[in-house]
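Chemist: Provided below are the primary sequence and the corresponding predicted coordinates.
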Amino acid sequence: MKTMNAKEAKDGFGLLLDTAQREPVTITKKGREVAVLVSKADFERLEALEDAYWGHRAEEARKEGLSVWRRARSS
């Protein structure tokens with residue numbers, strides 16, 4: 001994974017975008033990692049993995065009889 005500091009990222013924004021198409025780029029500020037830029041395709045894969053994970057968790061909860069949908073009681 002490539003790393004750029006915030007000034008490099010700002011001054012070389014086109015390069016940053018091009019690099020992110022090939023590999024994730026970590027952005028640092030004052031020596032601290034603050035962000036990671038990934039391609040749209042990588043982001044969509046990560047979203048799909050997260051959706052699958054939470055779908056699986058919800059299905060397991062449903063099988064165990066748990067429900068996140070609870071009706072509020074009337075007073």
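Modeler: Sure, I can see it. Numbers count the residues shown, from 1 in each chain.

Chemist: All the strands of the protein, residue numbers only.
Modeler: 2-5, 25-29, 32-37 (DSSP state E).

Chemist: Out of those strands, which is the most enclosed?
Modeler: Comparing these by mean neighbour count (mean count of other Cβ atoms under 10 Å), strand 25-29 ranks first with a mean of 17. From N, CA and C alone the C-beta is placed, and that goes for glycine too.

Chemist: Where is the longest helix in this protein?
Modeler: helix 40-63 (DSSP state H).

Chemist: about what we covered before: in TSV, list the strands of the chain along with mean pLDDT and distance to L17.
Modeler: Output for the strands of the chain, formatted as TSV (pLDDT from 0 to 100; distance: least, Cβ to Cβ, whole Å):
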stretch	mean pLDDT	distance to L17
strand 2-5	98	11
strand 25-29	98	9
strand 32-37	98	8
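
Chemist: Include distance to R57 when you put these into CSV, please.
Modeler: Output for these, formatted as CSV (distance: least, Cβ to Cβ, whole Å):
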stretch, distance to R57
strand 2-5, 33
strand 25-29, 29
strand 32-37, 24
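
Chemist: Strand 32-37 and the helix or strand bottoming out on mean pLDDT in the chain, what's the angle between them?
Modeler: Every helix and strand of the chain was ranked by mean pLDDT, DSSP states H and E. The lowest is helix 40-63, at a mean of 94. Interaxial angle, helix 40-63 versus strand 32-37 (axes from the mean of the first three to the mean of the last three Cα atoms, to 10 degrees): 90 degrees.
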